[in-house]
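Visitor: show me how the following folds:
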Amino acid sequence: MIFTIGGIKGGSGKTTVAVNLTLRLARLPPDVLLVDADDQETATDFTAWRDETLNGATNYTAVKLTGESVRSQILKLRDKYDYVVIDTGGRDTTSQRAALSVSDVYLVPFNPRSFDIWTLQRVEQLILEIQAVRTVPLRAFAFLNRADFKGSDNRDAADLLSRSEPLLFLDTSLGNRKAFSHASARGLSVTELTPPDPKAVAETERLFQALLTHTHPRP
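Guide: Numbers count the residues shown, from 1 in each chain. Sure, this is the predicted structure:
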């Protein structure tokens with residue numbers, strides 16, 4: 001199964017989601033490939049930090065791909081791995097479209113802020129354009145990332161996302177917690193951080209289980 005973590009706006013925490021999903025999948029344990037398709041190469045930096053922190057025990061394979069090569073190389077590599085997680089940049093790029101052309105799942109994190117939510121229509125249009133050229137429908141999901149701990153922004157953003165037709169809203173959010181950035185800076189998932197942040201760990205697990213429920217339905 002191939003997951004693409006993407007969107008239209010930068011700063012929504014896509015790489016953090018991508019690396020935490022990669023490491024959660026690696027616990028199953030399958031063979032997981034993390035593809036850095038973002039020009040900022042943050043996922044590549046994360047892997048380097050992880051390699052240094054854990055003395056090479058990264059638990060996944062990582063490659064850097066851009067442009068049309070995302071599609072061509074993934075088609076060659078996908079049968080070698082149980083899961084592929086593609087981290088794309090925060091723009092409508094050739095890399096992101098190439099990733100979506102071969103992905104099973106599109107996961108889009110939204111910050112509950114007006115400038116982030118305003119990109120929803122553009123994300124929906126991107127999905128519709130991709131769906132039009134695919135033979136198998138792309139399963140697309142949205143959720144709130146870096147959510148506030150109080151206030152009405154979460155509720156307003158969730159209401160808007162839940163009314164999207166191309167995107168299925170996952171009603172489980174990741175909070176704006178320092179644990180995510182602290183873990184990422186060391187090349188760790190939030191579940192590996194010590195001392196642990198129980199709330200961050202619980203939020204990550206709820207998101208994973210919600211995604212698993214919709215992408216791996218029980219017979």
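Visitor: and for Gly11, the neighbour number?
Guide: The criterion is other CB atoms under 10 Å. On that basis, Gly11 has 12 neighbouring residues. All C-beta atoms are positioned from the backbone trio N, CA, C, and that covers glycine.
Visitor: which residue sits closest to it, ignoring its sequence neighbours?
Guide: Nearest residue to Gly11 in three dimensions, chain neighbours excluded: Gly90, at 6.7 Å (CB to CB, 6 or more residues apart in numbering).
Visitor: who's in contact with that neighbour?
Guide: Gly7, Ile8, Lys9, Gly10, Gly11, Ser12, Lys14, Asp38 (CB atoms under 8 Å, 6 or more residues apart in numbering).
Visitor: for it, give its distance to Phe110.
Guide: If you measure Gly90 against Phe110 using CB to CB, to the nearest Å, the figure is 11 Å.
Visitor: between those two, what contacts are shared?
Guide: What both Gly90 and Phe110 touch, as defined by CB under 8 Å, 6+ apart, is the set Gly7, Ser12.
Visitor: can I get the longest helix seen in the chain as CSV, trimmed to CA atoms?
Guide: Counting residues, the longest helix in the chain under DSSP state H turns out to be helix 198-215. Extracted C-alpha coordinates of helix 198-215, given in CSV (Å, rounded to 0.1, in the frame of the first residue of the first chain):
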residue,chain,number,x,y,z
PRO,A,198,1.4,10.3,26.8
LYS,A,199,-1.1,12.7,25.1
ALA,A,200,1.0,12.9,22.0
VAL,A,201,1.5,9.2,21.8
ALA,A,202,-2.3,8.6,22.3
GLU,A,203,-3.2,11.1,19.6
THR,A,204,-0.7,9.5,17.1
GLU,A,205,-2.1,6.0,17.8
ARG,A,206,-5.7,7.2,17.4
LEU,A,207,-4.9,8.7,14.0
PHE,A,208,-3.1,5.6,12.9
GLN,A,209,-6.0,3.4,14.0
ALA,A,210,-8.5,5.6,12.2
LEU,A,211,-6.5,5.5,9.1
LEU,A,212,-6.0,1.7,9.4
THR,A,213,-9.8,1.2,9.9
HIS,A,214,-10.5,2.9,6.6
THR,A,215,-7.7,1.5,4.5
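Visitor: good, we can wrap up now.
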